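Visitor: build me a model from this:
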Amino acid sequence: VQLQASGGGLVQPGGSLRLSCAASGSIFSINLMGWYRQAPGKQRELVATITSGGNINYAEDVKGRFTISTISRDNAKNTVYLQMNTLKPEDTAVYYCNAYRYVYPNNFWGQGTQVTVSS
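Guide: Numbers count the residues shown, from 1 in each chain. I've put the predicted structure just below:
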């Protein structure tokens, strides 16, 4: 499984960004995809996840502001999006796309995309 993330950038507080993560390879084996973030000096934390069955989970501090969704175009490619609205300076971090499956190897990570919220 290969993950290619894009869509980060600089935005003012209150603004919006949409992150995209294209998954390719053995995507049929993926059970869950999601977004994590890591701010300077902090541990990587969960932002949002979506299962292959459509169950969604959000971190408390992004509920109501972020929306995760997926589109499957064919059996070889799947894209997961993170729509981020009403962004706050504390959302500033490197955002990582993740894919998880029950079969080993379990975890796959994208390269990370920087999101900076600043005036």
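Visitor: point to the residue nearest the middle of the chain.
Guide: Nearest to the geometric centre of the chain sits W35, at 2.6 Å (C-alpha atoms, centre = their mean).
Visitor: report the contact partners of A22.
Guide: Counting by C-beta atoms under 8 Å, 6 or more residues apart in numbering, A22 touches 3-4, 6, 77-79. C-beta: built from backbone N, CA, C; applies to glycine.
Visitor: now do M33
Guide: Here M33 is in contact with 21, 23, 49-50, 70, 78, 80, 97-100 (criterion: C-beta under 8 Å, 6+ apart).
Visitor: how many neighbours does the closest residue to it other than its chain neighbours have?
Guide: Excluding the flanking residues, the one nearest M33 by C-beta to C-beta, 6 or more residues apart in numbering is V80, at 4.5 Å. Neighbour count for V80, taken as other C-beta atoms under 10 Å: 27.
Visitor: alpha carbons only: can I get the helix or strand of the chain with the lowest mean pLDDT in CSV?
Guide: The helix or strand of the chain with the lowest confidence, counting by mean pLDDT, DSSP states H and E, is strand 66-74 at a mean of 85. What follows is strand 66-74 as a C-alpha-only set of coordinates in CSV (Å, rounded to 0.1, in the frame of the first residue of the first chain):
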residue,chain,number,x,y,z
PHE,A,66,-13.3,18.7,10.3
THR,A,67,-14.9,16.1,8.0
ILE,A,68,-13.3,12.9,6.8
SER,A,69,-14.6,11.2,3.7
THR,A,70,-13.4,8.6,1.1
ILE,A,71,-13.9,8.0,-2.6
SER,A,72,-13.1,4.7,-4.3
ARG,A,73,-12.6,5.1,-8.0
ASP,A,74,-11.6,1.5,-8.8
